[in-house]
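A.B. asks: only the shape, not the letters, is given here:
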């Protein structure tokens, strides 16, 4: 039974490290619950065998005492295995949550970069979309009457987007894994 639990722990560990998914949390909790049940089943046996080994009784001879000590040792090993598997399962939950959090942080970083690039572009488009009339005042965007005004604004917007992309690339936020 414990070998099966050990294999389940190893399989879950490989899955969680490789590609964490929501369904794994439930499987980890089920495994921890099964291990707790196994611990509850073995713990009283440990206490009983310890009492039989510790207290001398006329019902058991010296040869039987050796057997009881051996059974007690095996029970201790079983409890240690169960506890080890439970600790690994608890660690798997931490690894899973950390992996999911890291993946979400990467998504948020990409969304933030995209937003940061488009915010100044949206501002420029918003200002030029206010329909200024250069005939009313020279301060009302005289470049609206300029023949190359529209391509110039598009060029400025492309330069801003390229400049921000370059700054993010230089800081390691784009295209370079693991560098902050």
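C.D. replies: Looks like it came in fine. What you are looking at is a predicted structure, and each value in this text was computed from that prediction instead of being measured.
A.B. asks: tell me the pLDDT at the residue sitting nearest the centre point of the chain?
C.D. replies: Nearest to the geometric centre of the chain sits residue 99, at 1.9 Å (CA atoms, centre = their mean). If you check residue 99, the pLDDT there is 88.
A.B. asks: what's near enough to touch it?
C.D. replies: 16-17, 20 (CB atoms under 8 Å, 6 or more residues apart in numbering). (Each C-beta comes from the backbone N, C-alpha and C, glycine too.)
A.B. asks: so which of these sit within helices?
C.D. replies: 16-17 (DSSP state H).
A.B. asks: buried subset of the contacts of residue 99 as a ChimeraX selection?
C.D. replies: Of those, the buried ones go into a single ChimeraX selection, burial set by 16 or more other CB atoms under 10 Å:
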select :16,20
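A.B. asks: scan the protein for its longest helix.
C.D. replies: helix 62-128.
A.B. asks: right, and the helix or strand after it?
C.D. replies: Later in the chain than helix 62-128, the nearest helix or strand by DSSP states H and E is helix 149-170.
A.B. asks: contacts for that next one, please.
C.D. replies: With contact meaning CB under 8 Å, 6+ apart, helix 149-170 is reached by 113, 116-118, 120-121, 124-125, 128, 143, 146, 174-176.
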